[in-house]
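Asks: For reference, the sequence and a predicted model appear below.
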Amino acid sequence: MTRLLAELQTTVLARAIRLFDGDLDRVTIFSVITRDTYSFDAGEGLAQSVSAHSLAMSLSRPYETVRRHVHALVDAGWCERGPDGVRASHAELRSPEIAALLVLIHDAAVRFVADMARAGVQMPAVGMARSYHHAAGVQAAIDLMLAVVDTNRRTHADWLELVLFSTIYAANSRLLNADRELAWHYADGRKEPPLSLRVPVRTSAVARALGLPEATVRRRLARLLADGRVERHGKKLLVSEAWLNRPESVATSIQSFSTVRLLLARLGVNGFPLEDPARAYIAGRPAPVAFD
């Protein structure tokens with residue numbers, strides 16, 4: 001699950017960060033606004049708004065920081081003001097760039113569910129479900145990524161460090177994610193994948209994949225290397241399997257799994273075909289982010 005969540009996050013952020021000129025905070029705040037105000041129906045009506053106070057509380061960020069980014073999003077046309085806060089601009093959500101991003105976010109979530117099912121994870125049983133609308137998949141994907149942030153607050157206090165960690169892990173896991181039997185064999189942490197199945201990645205490749213300045217990435221990587229979350233393999237980077245198997249990391253994964261189960265159940269209630277996830281793709285299975 002951790003590998004697949006890393007792949008989900010990397011797929012989405014590799015596109016989204018570029019749209020917001022490398023500002024990860026702005027990506028996050030716009031994502032939450034979109035999650036809360038993206039209508040489930042296909043009509044043209046505007047959805048409800050969300051206040052800056054609510055955003056700050058849900059993200060555990062300072063109110064003044066969130067308010068500054070909200071003002072910038074409104075000024076740039078990404079969001080518009082409503083009676084009780086802001087909402088994602090209906091016109092902006094239909095623009096080619098954002099529409100393509102929403103499809104990617106949705107299909108990355110479908111891929112995550114499909115790969116979880118393929119790995120043998122039992123999907124939650126749901127009763128009566130409403131008719132499925134892809135907005136539910138977009139919201140589920142955003143919730144999955146926010147859940148990763150929330151459950152990792154103790155192990156990755158800084159979100160950019162978590163993003164870099166996840167991106168490196170996604171790059172390292174390319175061979176394992178592509179092979180169901182290998183992924184299952186090394187799923188429980190008792191067998192460490194051999195180096196032949198872990199693909200080291202260059203710092204420059206991580207920076208290019210995310211569209212971030214290499215100097216910024218190198219500066220933030222220093223802490224991950226210093227505390228052992230990431231190790232050097234020659235001139236390339238590997239997430240530490242020993243660090244992943246620490247009791248604190250395992251406890252975080254268990255908490256994440258419980259949250260993921262709840263989100264999958266909610267997705268099923270919203271009509272998502274948990275019994276055959278691939279039916280929900282809009283554009284098809286997204287390709288993994290390239291690190292070459």
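Replies: On my side now, so go ahead.

Asks: low-scoring stretches of the stretch 101-250 of the chain, by residue?
Replies: 180-181, 183-185, 187-191 (pLDDT under 70).

Asks: Check what contacts whichever strand or helix holds residue 147 and list those residues.
Replies: Per DSSP states H and E: residue 147 is located in helix 134-151. Contact with helix 134-151 is made by 5, 8-9, 12, 31-32, 34-35, 38-40, 58-60, 102-103, 105-106, 108-110, 112, 159, 162, 166, 252, 255-256, 259-260, 263, 266-267, 270-272, 280, 282, as judged by C-beta atoms under 8 Å, 6 or more residues apart in numbering. Quick note: C-beta positions are derived from backbone N, CA and C, even for glycine.

Asks: centre of the chain versus that helix, how much separation?
Replies: 7 Å (C-alpha atoms, centre = their mean, to the nearest Å).

Asks: For that helix, buried residues please.
Replies: 134-149, 151 (16 or more other C-beta atoms under 10 Å).

Asks: how many other residues sit next to residue 128?
Replies: 6 (other C-beta atoms under 10 Å).

Asks: picking up where we left off before, next structured bit after the helix holding residue 147?
Replies: Trace forward from helix 134-151 with DSSP H and E and the next one is helix 159-172.

Asks: which other helices and strands contact that following helix?
Replies: helix 2-19, helix 24-37, helix 134-151, helix 203-210, helix 214-226, strand 236-239 (3 or more C-beta pairs under 8 Å, 6 or more residues apart in numbering; DSSP states H and E).

Asks: Relative to the whole chain's centre, how far out is it?
Replies: Using C-alpha atoms, centre = their mean, the distance between the centre of helix 159-172 and that of its chain works out at 11 Å.

Asks: Equivalent analysis for stretch 166-173, please.
Replies: The answer for stretch 166-173 is 13 Å, by C-alpha atoms, centre = their mean.

Asks: Other residues contacting it?
Replies: 2-3, 5-7, 9-10, 13, 148, 177, 198-201, 205-206, 209-210, 230, 237-239, 288-289, 291.

Asks: Which members of the contacts of helix 134-151 come out as buried by neighbour count?
Replies: Of those, these count as buried by 16+ other C-beta under 10 Å: 5, 8-9, 12, 31-32, 34-35, 38-40, 59, 102-103, 105-106, 108-110, 112, 159, 162, 166, 252, 256, 259-260, 263, 266-267, 270-272, 280.

Asks: picking up where we left off before, can you show me the CA trace of the helix holding residue 147 as CSV?
Replies: Taking C-alpha atoms only, helix 134-151 is exported to CSV below (Å, rounded to 0.1, in the frame of the first residue of the first chain):
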residue,chain,number,x,y,z
HIS,A,134,-16.1,10.9,-11.4
ALA,A,135,-16.1,13.8,-9.0
ALA,A,136,-16.2,11.1,-6.2
GLY,A,137,-13.0,9.6,-7.5
VAL,A,138,-11.3,13.0,-7.7
GLN,A,139,-12.3,13.7,-4.1
ALA,A,140,-11.2,10.2,-3.0
ALA,A,141,-7.7,10.7,-4.6
ILE,A,142,-7.3,14.1,-2.8
ASP,A,143,-8.4,12.5,0.5
LEU,A,144,-6.0,9.6,0.0
MET,A,145,-3.1,12.1,-0.4
LEU,A,146,-4.2,14.2,2.5
ALA,A,147,-4.5,11.1,4.7
VAL,A,148,-0.9,10.3,3.9
VAL,A,149,0.1,13.8,5.1
ASP,A,150,-1.9,13.5,8.2
THR,A,151,-0.8,10.0,9.3
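
Asks: Run the angle between that helix and helix 2-19 for me.
Replies: Using axes from the mean of the first three to the mean of the last three C-alpha atoms, to 10 degrees, the inter-axis angle of helix 134-151 relative to helix 2-19 is 110 degrees.

Asks: Run the angle between helix 134-151 and helix 24-37 for me.
Replies: Using the same axes, to 10 degrees: helix 134-151 against helix 24-37 is 130 degrees.

Asks: tilt between helix 134-151 and helix 159-172?
Replies: 110 degrees.

Asks: Please state the offset of stretch 154-169 from the chain centre?
Replies: The answer for stretch 154-169 is 11 Å, by C-alpha atoms, centre = their mean.
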